[in-house]
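S.K.: fold the following.
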Amino acid sequence: QVQLVESGGGLVQAGESLRLSCAASGRTFSNAMGWFRQAPGKEREFVAAISWNGIGTYYADSVKGRFTISRDNAKNTVYLQMNSLKPEDTAVYYCALDRNSFISTGWGDYTYWGQGTQVTVSS
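M.R.: Okay, here's the model as predicted:
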């Protein structure tokens, strides 16, 4: 079994930064990891993903150039550095474990999910 626990969310003003962390328990170093988000009244959407070894990354167009995903397999932790935040980034952010070692963008490829952390960006 794998458990994922997100932290680092909060309330910030537009233009500021936040770093989300996702601490995993269990075997995760051979799997890709991803971040998704869900705003009120909207479907859950892909944000970013990273391959098992951290070499490959992929971002949604809406966050490309502002967000950076990284991982530390020794600490079983994945990070999402979010810079130049916008009000439209407001959502609950979820960390997820991919069933594969390579990157996926569809939520159906992810087998374990965290409980989510709220990010609110005021204008």
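
S.K.: residue contacts, residue 10?
M.R.: 18, 118-120 (Cβ atoms under 8 Å, 6 or more residues apart in numbering). The way it works is simple: take the backbone N, C-alpha and C, and place the C-beta from them, glycine included.

S.K.: so what's the residue nearest in space to the middle of the chain closest to, chain neighbours aside?
M.R.: With distances taken as Cα atoms, centre = their mean, the residue of the chain nearest its centroid is residue 35 (2.4 Å). Leaving aside its chain neighbours, residue 35 sits nearest to residue 47 (4.3 Å; criterion: Cβ to Cβ, 6 or more residues apart in numbering).

S.K.: same check on residue 13?
M.R.: residue 122 (5.4 Å).

S.K.: that neighbour against residue 12, yeah?
M.R.: Yes. With contact defined as Cβ atoms under 8 Å, residue 122 and residue 12 form a contacting pair (7.4 Å).

S.K.: on that earlier part again, which residues touch the strand or helix carrying the residue nearest to the centre of the chain?
M.R.: If you go by DSSP states H and E, residue 35 is part of strand 33-38. With contacts defined as Cβ under 8 Å, 6+ apart, strand 33-38 is touched by 20, 22, 24, 44-50, 69, 71, 78, 80, 89, 91-98, 103-105, 107, 110, 116, 119.
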